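1. After the sequence you'll find the predicted model.
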Amino acid sequence: MTRNQFFIYGNPRSGSSLLRLLLNSHSKICVPPECGFYHWLASKYGSWNQSNLNPIDIDNYIDDLQNSKKFETWLLPSSLIRKVIDDNRPQDYNALSTCVYLSYAFLHDKQPELLGDKNNYYIKHLDELDRMAPDKFIIHIVRDGRDTACSYREIKHIDSSHKYKPNLPTDITEIAEEWRVNNLNIFNFYETRDNYILIKYEDILKTPIKALSQILEALQLEFEPEMLDFYKNNQLKQLEPKETVAWKQKTLQPIDAKDIGIYKRKLAKLEIEQFNKTAKDALKLFKYDVKC
């Protein structure tokens with residue numbers, strides 16, 4: 001069983017969930033909600049082979065899968081996962097994981113050609129994931145770090161009762177260093193690879209058709225106008241789970257570029273200067289103005 005697959009990587013609050021839903025709205029692409037099962041379960045099931053295609057091993061895998069953090073948000077019945085595994089007879093761990101992505105696609109009446117996995121957690125484990133899946137395409141989304149800082153701070157106003165509320169720094173220097181390190185790590189790891197593309201969040205907001213077409217061309221697909229209706233699909237089908245949508249409200253709205261550069265209104269001058277000083281090399285690399 002072969003399926004073209006890709007990862008979406010990005011620093012937190014950089015638009016990766018928006019990009020997930022845009023791509024998921026393509027008729028030939030499926031990108032489930034965030035869950036790190038692919039990495040977490042590899043230590044136990046990474047040696048999966050034909051001998052594991054028995055009821056006990058399959059049931060154990062599905063039980064561990066269902067108990068993985070955030071997997072419950074997929075609303076995937078075990079019976080469907082088991083049927084997809086039985087039908088496809090996965091011979092290795094990657095094929096086994098593909099059955100899970102396919103199960104989500106089938107649940108939503110899709111027969112995808114491409115399967116994606118979006119998870120900011122993965123950026124801490126690039127070496128491991130590259131060994132596990134060296135051929136997976138990498139989409140790296142970057143957002144101006146100073147706007148990202150504003151978004152980090154907005155999280156603190158969200159009700160802390162949400163189970164998966166992100167725990168993000170609010171100190172400007174900490175945010176700047178995290179944004180810098182995360183984006184440079186991804187870029188430096190993949191920049192020379194043919195299976196890597198860098199896309200800026202701001203380009204998606206300002207020229208969505210052009211930006212998405214650039215990604216799709218790399219994936220050997222064509223743009224579909226329905227992709228821009230991602231927010232309608234999300235409103236109708238709750239594609240961004242209720243457990244996480246509180247801090248992803250832009251996934252319920254049409255694309256809007258009005259908040260680009262919002263840091264100029266929300267951050268103090270000294271904070272902007274401190275961010276620029278801390279992350280100057282990354283800001284320049286990704287072509288963000290450090291004079292603002």
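-> Yep, that arrived. Numbering: from 1, shown residues only.
2. Only C-alpha atoms from now on, for both contacts and neighbour counts.
-> Fine.
3. Mind listing the residues bridging to the spatially most central residue of the chain?
-> Geometric centre of the chain, nearest residue: Lys118, 2.3 Å, by CA atoms, centre = their mean. Beta-bridge partners for Lys118, by DSSP bridges, are Ile8.
4. So it is in contact with Ser16, correct?
-> Yes - counting by CA atoms under 8 Å, Ser16 is a contact partner of Lys118 at 7.2 Å.
5. Quick one: residues contacting the residue nearest to the centre of the chain.
-> 7-9, 16-17, 20, 31-35 (CA atoms under 8 Å, 6 or more residues apart in numbering).
6. now the residues you listed as CSV including secondary structure, neighbour count and distance to Ile272?
-> Putting the contacts of Lys118 into CSV (DSSP: H, G, I helix; E, B strand; the rest coil; neighbours: other CA atoms under 10 Å; distance: CA to CA, whole Å) gives the following:
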residue, secondary structure, neighbour count, distance to Ile272
Phe7, strand, 22, 31
Ile8, strand, 22, 28
Tyr9, strand, 25, 25
Ser16, helix, 23, 24
Ser17, helix, 24, 26
Arg20, helix, 26, 29
Val31, coil, 29, 35
Pro32, coil, 24, 35
Pro33, coil, 23, 33
Glu34, coil, 21, 31
Cys35, coil, 21, 33
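7. Closest one to Val84 out of those residues, please.
-> Nearest to Val84 among the contacts of Lys118 is Pro32, at 16.0 Å by CA to CA.
8. What distance do you get for the closest one to Asn11?
-> For Pro32, the distance to Asn11 equals 18 Å [CA to CA, to the nearest Å].
9. what's whichever helix in the chain runs longest packed up against?
-> In the chain, with assignment by DSSP state H, the single longest helix is helix 172-190. With contacts taken as 3 or more CA pairs under 8 Å, 6 or more residues apart in numbering; DSSP states H and E, helix 172-190 sits against strand 4-10, strand 137-142, helix 145-155, helix 269-278, helix 280-285.
10. starting at the chain centroid, how far to the longest one?
-> Relative to the chain's own centre, helix 145-155 is displaced by 18 Å; criterion: CA atoms, centre = their mean, to the nearest Å.
11. which ones are touching Glu222?
-> 213, 216.
12. got it, and Pro12?
-> 120, 148.
13. How much space separates it from His140?
-> From Pro12 over to His140 the distance is 12 Å, taken as CA to CA.
14. what do you get for Phe189?
-> The gap separating Phe189 from His140 is 11 Å, by CA to CA.
15. more crowded one of those two?
-> Taking other CA atoms under 10 Å, Phe189 and His140 do not tie; His140 has more neighbours (21 against 14).
16. which residues does that one form a beta bridge with?
-> Tyr9, Leu198.
17. Nice, that's everything, thank you.
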